[in-house]
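*Asks:* what follows is a protein structure lacking sequence information:
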């Protein structure tokens, strides 16, 4: 089946990108549209393989280009530059080896306002084979840029790698020393600017097509309350898509999709910090600040657990390892442990290789 689009091309491409489960391969002459770039970062975080082939020229490398290709490579993407004198003028994308997007549309801000068209071919074996072969030949022609930094989250953040390099040396609990704890304790903030939705729309919207009408299949207030004046979080649902809503006019404050949420605090004691809520974005959890409209803890957590004390610290689980972050987005303990329990503020019971230790205020006990 082949579908054709000559308007709302950006939205059509976005929808296909968010459906990717295993791989995204893009060969395009110019790429300056950040609204098409942000979904690639999120898919990389979800384990999807993403490859880009681009021209290395003044358009893609302009200081005015909002697309950060260094960020893409740091997140695990494969980037191939055409640095030859021959122009690479391709414009296609292969998703999961099942879908091909092709046409006249470059992935640029300007193209959205041009007379452009694309086709989306689904399960068309001949078309898929043709573009897959084309992409393979381009990949062989241009070498890949690789990232040699310390972490996919932050250049200066070395704790995870340091731990993995020395993990085989930790055979008993007695071999965990203070210097090791110093490498994983109180590591600073997450790079939350990467997830500032005032800068980048992470997901395509459905409500922008209806700017004056806000009807929802379901409407929920949290904490659970019959008094709309005292509720701190409003959530609207359309199909499988959830939105955080403004308290006054019930308009969405987020223009990205999320599929699940958990309020911060204890319903029995009313311990709900106003405007702070955990959101599940593309199978990853992050802690969202409604007032600042940023993720204080970015959506990279496979799961999390609440502190039973004052709800200001959380055990986070990333790639099977446990760490601790606080409500303001500070990384308290790097995610290098097999298990963590919070006994009190800055008191942690940690587990490595079936052995446990207690860390209090950054010191072994």
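*Replies:* Sure thing, it's come through. Computed from a predicted model, the values in this text were never measured in an experiment.
*Asks:* all contacts plus neighbour counts: C-alpha atoms, from now on.
*Replies:* Fine.
*Asks:* number of residues surrounding residue 86?
*Replies:* Residues lying near residue 86 (other Cα atoms under 10 Å) number 8.
*Asks:* pLDDT weak spots in the stretch 151-300 of the chain?
*Replies:* Scanning the stretch 151-300 of the chain with the threshold set as pLDDT under 70 gives 151-177, 191-215, 221-233, 247-249, 254-256, 265-275.
*Asks:* tell me who's in contact with residue 55.
*Replies:* Counting by Cα atoms under 8 Å, 6 or more residues apart in numbering, residue 55 makes contact with 28, 29, 30, 81, 82, 83, 87, 88.
*Asks:* do the same with residue 314
*Replies:* Taking Cα under 8 Å, 6+ apart, we find residue 314 in contact with 304, 305, 306, 307, 324, 325, 326, 327.
*Asks:* quick one on the thing from earlier: the contacts of residue 55 in strands, which ones?
*Replies:* Taking DSSP state E as the definition of strands, these contribute 28, 81, 82.
*Asks:* of those residues, closest to residue 365?
*Replies:* residue 81 (51.9 Å; Cα to Cα).
*Asks:* what sits against that closest one?
*Replies:* Under the criterion of Cα under 8 Å, 6+ apart, the neighbours of residue 81 are 53, 54, 55, 56, 142, 143, 144, 145.
*Asks:* in PyMOL, how would I select just the buried ones from the residues you listed?
*Replies:* In PyMOL, a selection of the buried entries from the contacts of residue 81 looks like this (16 or more other Cα atoms under 10 Å):
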select buried, resi 53+54+55+56+142+144
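*Asks:* mind listing the helices for the protein?
*Replies:* 9-18, 34-45, 69-74, 125-141, 159-166, 178-184 (DSSP state H).
*Asks:* hmm, back to that, looking at the ones in strands among the contacts of residue 55, which one is closest to residue 178?
*Replies:* For those, the residue nearest residue 178 by Cα to Cα is residue 81; the value is 44.8 Å.
*Asks:* and residue 321, how far from residue 304?
*Replies:* 11 Å (Cα to Cα, to the nearest Å).
*Asks:* ok so, going back, can I get the contacts of residue 314 in JSON lines with distance to residue 289?
*Replies:* JSON lines is the format used below for the contacts of residue 314 (distance: Cα to Cα, whole Å):
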{"residue": "304", "distance to residue 289": "17"}
{"residue": "305", "distance to residue 289": "18"}
{"residue": "306", "distance to residue 289": "17"}
{"residue": "307", "distance to residue 289": "18"}
{"residue": "324", "distance to residue 289": "18"}
{"residue": "325", "distance to residue 289": "15"}
{"residue": "326", "distance to residue 289": "13"}
{"residue": "327", "distance to residue 289": "9"}
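*Asks:* let me know the closest of those residues to residue 121.
*Replies:* Among the contacts of residue 314, and counting by Cα to Cα, the member closest to residue 121 is residue 304, at 39.2 Å.
*Asks:* contacting residues for the residue nearest to the closest one when sequence neighbours are not counted?
*Replies:* Of all residues not flanking residue 304 in the chain, residue 316 sits nearest, at 4.3 Å (Cα to Cα, 6 or more residues apart in numbering). Under the criterion of Cα under 8 Å, 6+ apart, the contact list for residue 316 reads 301, 302, 303, 304, 305, 322, 323, 324, 325, 335.
*Asks:* bridging across strands, which residues link to residue 316?
*Replies:* Note on residue 316: beta-bridge partners residue 304, residue 323, judged by DSSP bridges.
*Asks:* for residue 51, see how far away residue 32 is.
*Replies:* From residue 32 to residue 51 the distance is 16 Å (Cα to Cα).
*Asks:* okay, residue 52: pLDDT?
*Replies:* pLDDT for residue 52: 94.
*Asks:* sorry, slip of the keys, the one I care about is residue 320.
*Replies:* As summarised for this prediction, residue 320 has a pLDDT of 90.
*Asks:* give me the number of residues near it?
*Replies:* For residue 320, using other Cα under 10 Å, the count is 14.
*Asks:* beta-bridge partners for residue 288, please?
*Replies:* In this entry, residue 288 is beta-bridged to residue 277, residue 295, by DSSP bridges.
*Asks:* ok, it touching residue 281?
*Replies:* No - look at residue 288 against residue 281 with Cα atoms under 8 Å: they stay out of range, at 10.7 Å.
*Asks:* among the two, which residue is more densely surrounded?
*Replies:* Per other Cα under 10 Å, whichever of residue 288 and residue 281 has more neighbours is residue 288, with 25 against 22.
*Asks:* name the nearest residue to residue 332, ignoring sequence neighbours.
*Replies:* In space, residue 332 is closest to residue 186, 4.1 Å off (Cα to Cα, 6+ apart).
*Asks:* quick one: that neighbour from residue 329, how far?
*Replies:* Taken as Cα to Cα, the span from residue 186 to residue 329 is 11 Å.
*Asks:* and these two? which has more neighbours close in?
*Replies:* Shown here are residue 186 and residue 329; by other Cα under 10 Å, residue 329 has more neighbours (20 against 17).
*Asks:* nearest residue to the more buried one other than its sequence neighbours?
*Replies:* residue 296 (4.4 Å).
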